[in-house]
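Asker: what's the 3D shape of this:
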Amino acid sequence: MKLGIIGDDFTGSSDIANNLKKSGMQVSMYAGVPTLLPEETKKELTDAAVIALKTRTIPIKDAIKESLEALSWLRDCGCEQFIFKYCSTFDSTKEGNIGPVTDAIMEALNTDFTIACPSFPDAGRTVYFGHMFVNGKPLNESGMENHPLTPMTDHNLVRWLDYQTKNKVGLINTQDISKGTESVKEKIEGLKTNGYKYAIIDTIKNEDFNIICNGVKDLPFLTGGSGIALGLPKIYKDRGLLSVSNFQIPENNSNAVILSGSCSVTTINQIDIYKKNNPSFYISPDEVINSEDLIEKVLSWIKDNETLSPLVYSSSDTKVVSEKQKQYGQEILANKIENFFEVLSKRLVKDNFGTFISAGGETSGAIIKGLGIQELKIGKEIAHGVPALWSPHSIGNKPVFVTLKSGNFGQDDFFKRALKALKNS
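Answerer: Predicted coordinates for the structure are as follows:
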C-alpha cells in the first residue's frame, strides 16, 4: 500500500476512491479506522487505502483525534504519502474543521508545507485566483451559503482557510500553473521561504492536475477534494508502484432500497423524478421526532414494495429544514434523522436487502454504520465522483452493494442509473 487518504465524510471518501480507481489504482475503502491488523492489509492488492471518517461537523478536538488515529493506521500499513480529503466546496465553518485537522496532521508528519486543492472541474468546482466557483457561480451564491451545517458565506478560500489555521496561507494561482511543473515547485519554495505553510492552489480544468501533482509529488502530505486523485496515479505508475491485477466482483441478485437525507437542490430534483414512477415514502421531521413506531411503519411499507426498489427520504427544501431546526434544535433533528437511517439499514440488511443507494454525506455515514461494513472495494463509476461499491466480506450471509452520493452530485436520473450499475456489478 502506497497512498493513504483520510476522508472527512463517506460520500467524499467514495468520490476520491472512485477517481483513484478510474485512474489506474486498486483501492480499498474503510468505514472508520479499521480494526483489521495492518499486516493483513499488506497482503492485498490494494495500492491506496481510503479511511472514511465522519469528522466534517463534529467538535474540532474529536475530528483531530479520529484523523490522527486514521493516520497512524495508514502509516503502519506502509503508506508514505497522505491526503486529507474534504469536500470540493470546502465545506467548513470559520473555525474548522479543515484547518485544525490539517495543522494536526502536518505536526504528526513533521512536515512544513502542504497545498489545499479542493477543485473538481468534472463536478463544476473550480478555483480561480483563490476564489471558488460552482458551475460558474461564486461559492457563496451557489446555494452553499444556505447549507444547514457548513454555510459557505465567502468564496475567497485563502481568507476562509486563514480563519481556521494558525499558519500563514498563500496562493498558487492559475498563472503559476500555466507555466508548468517547475513554476509550481518554484512558487512552493518561495512561499516556504516567506513563512507560508499552506497554499490554496487554483484549478480550472482537469489538465491542471497533471501539472499540480508533478509539482507536489514529493510532498508527504496533500489536502483537497477528489480532483487531485486524477493526477497522482500516473506518477505512481511511472514509478512502477501499481498493482497489475483487478479485484473480483461478486454477482448481485439482492433487493435494493434508496435512502436519502440530502436536502440539496440536486437531490430533491432526483427524488422528484424517481418517485413519479416508483414507490416512495417521505419521512417528515415531525415524524422523526415524535413517532415511536416510525421504523416499524416504514419497514412494513418497504416489505410491501421490496422488489420495486423503494425510495425512503427525509429530504426537504431549505425553508422547511430551517423551520424545523428552529422548532426542534438543529443537532437534535440531525441526530434523530441519522439514527433513523442507521437503524433502518441495520434491519433491512438482516432481511432480503443487499443493495443500498444513499444520498447525502451524513446519511451515508449512518447507513454504513448500520450495515456494519468495515471495508469496501471500488467498482465502476456511476456519475462523476460516485462509484459502485461492494463489501468483500459478507454481511448478513450475503455480499452487500452500495453507492454513496454526495448531495450535489449525479444526473437527474441518478437513482435509476445507480440501480442498474449496482445490479450489473
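
Asker: use CA for all of it now, contacts and neighbours both
Answerer: Fine.

Asker: quick one: buried residues of the helix or strand that residue 321 is a member of?
Answerer: Per DSSP states H and E, residue 321 falls inside helix 318-328. Neighbour-count burial for helix 318-328 flags 318, 321-322, 324-325 (criterion: 16 or more other Cα atoms under 10 Å).

Asker: what's the closest of the residues you listed to residue 68?
Answerer: Minimum distance to residue 68 across these is 32.0 Å, recorded for residue 325 (Cα to Cα).

Asker: Just list the residues touching the closest one, thanks.
Answerer: Neighbour list for residue 325: 331, 333 [criterion: Cα atoms under 8 Å, 6 or more residues apart in numbering].

Asker: what's the spacing between it and residue 55?
Answerer: For residue 325, the distance to residue 55 equals 21 Å [Cα to Cα, to the nearest Å].

Asker: ok, now residue 15?
Answerer: Using Cα to Cα, we find residue 15 at a distance of 16 Å from residue 55.

Asker: quick one, which of these two is more surrounded?
Answerer: residue 15 (29 against 24; other Cα atoms under 10 Å).

Asker: In contact with the residue nearest to residue 85 when sequence neighbours are not counted, which residues?
Answerer: Nearest residue to residue 85, sequence neighbours excluded (Cα to Cα, 6 or more residues apart in numbering): residue 7, at 4.6 Å. Neighbouring residues of residue 7 by Cα under 8 Å, 6+ apart: 13, 50-54, 84-86.

Asker: repeat that for 7 Å
Answerer: Residues in contact with residue 7 (Cα atoms under 7 Å, 6 or more residues apart in numbering) are 13, 50-53, 84-86.

Asker: cool, and residue 151?
Answerer: 93, 144-145.

Asker: Check the burial of residue 36 by counting its neighbours.
Answerer: 12.

Asker: which SS class is it?
Answerer: Under DSSP: H, G, I helix; E, B strand; the rest coil, residue 36 falls in the coil class.

Asker: all strands of the stretch 101-250 of the chain, in order?
Answerer: Counting by DSSP state E, counting those that start in this stretch, the stretch 101-250 of the chain has strands at residues 114-117, 125-128, 131-134, 137-138, 168-172, 196-201, 221-224.

Asker: Same list (those) but as TSV, adding mean pLDDT.
Answerer: What follows is the strands of the stretch 101-250 of the chain, written out as TSV (pLDDT from 0 to 100):
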stretch	mean pLDDT
strand 114-117	98
strand 125-128	97
strand 131-134	97
strand 137-138	96
strand 168-172	98
strand 196-201	98
strand 221-224	98
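
Asker: Residue 152 and residue 142 touch, don't they?
Answerer: No - using Cα atoms under 7 Å, residue 152 is not in contact with residue 142, being 9.3 Å away.

Asker: more crowded one of the two?
Answerer: Ranked by neighbour count (other Cα under 10 Å), residue 152 and residue 142 place residue 152 first, with 24 against 17.

Asker: what's near enough to touch that one?
Answerer: Neighbour list for residue 152: 91, 139-140, 144-145 [criterion: Cα under 7 Å, 6+ apart].

Asker: hmm, which of these are the buried ones?
Answerer: Here, 16+ other Cα under 10 Å leaves 91, 139-140, 144 buried among the contacts of residue 152.

Asker: Greatest separation within these: which pair is it?
Answerer: Greatest spacing in these, by Cα to Cα: 91 and 140 (11.3 Å).

Asker: Now do stretch 239-253, average pLDDT.
Answerer: Averaged over stretch 239-253, pLDDT sits at 79.

Asker: Name the residues of it that are buried.
Answerer: For stretch 239-253, the neighbour count (16+ other Cα under 10 Å) marks 242, 249, 252 as buried.

Asker: I'd like to know which of those is nearest to residue 121.
Answerer: Using Cα to Cα, the buried residues of stretch 239-253 come closest to residue 121 at residue 242, 25.7 Å.

Asker: list the contacts for the closest one?
Answerer: So residue 242 contacts 25, 47, 236 (Cα under 7 Å, 6+ apart).

Asker: again with residue 95
Answerer: 163-164.

Asker: any idea how far residue 421 is from it?
Answerer: Counting by Cα to Cα, the gap from residue 95 to residue 421 is 39 Å.

Asker: what's the answer for residue 109, then?
Answerer: 39 Å.

Asker: More neighbours: which of those two?
Answerer: Using other Cα under 10 Å, the more surrounded residue of residue 109 and residue 421 is residue 421, with 18 against 14.

Asker: So what touches stretch 97-106?
Answerer: By Cα under 7 Å, 6+ apart, the surrounding residues in contact with stretch 97-106 are 56, 60, 63-64, 68, 92, 112, 161, 164-165.

Asker: Hmm, residue 2 is touching residue 50, no?
Answerer: No - look at residue 2 against residue 50 with Cα under 7 Å: they stay out of range, at 11.3 Å.

Asker: which of the two has more neighbours?
Answerer: residue 50 (30 against 18).

Asker: Need the pLDDT of the residue nearest to residue 85.
Answerer: Residue 7 is assigned a predicted lDDT (pLDDT) of 97.

Asker: Got the domain ranges for the protein?
Answerer: 3-238, 255-423 (automatic domain parsing).
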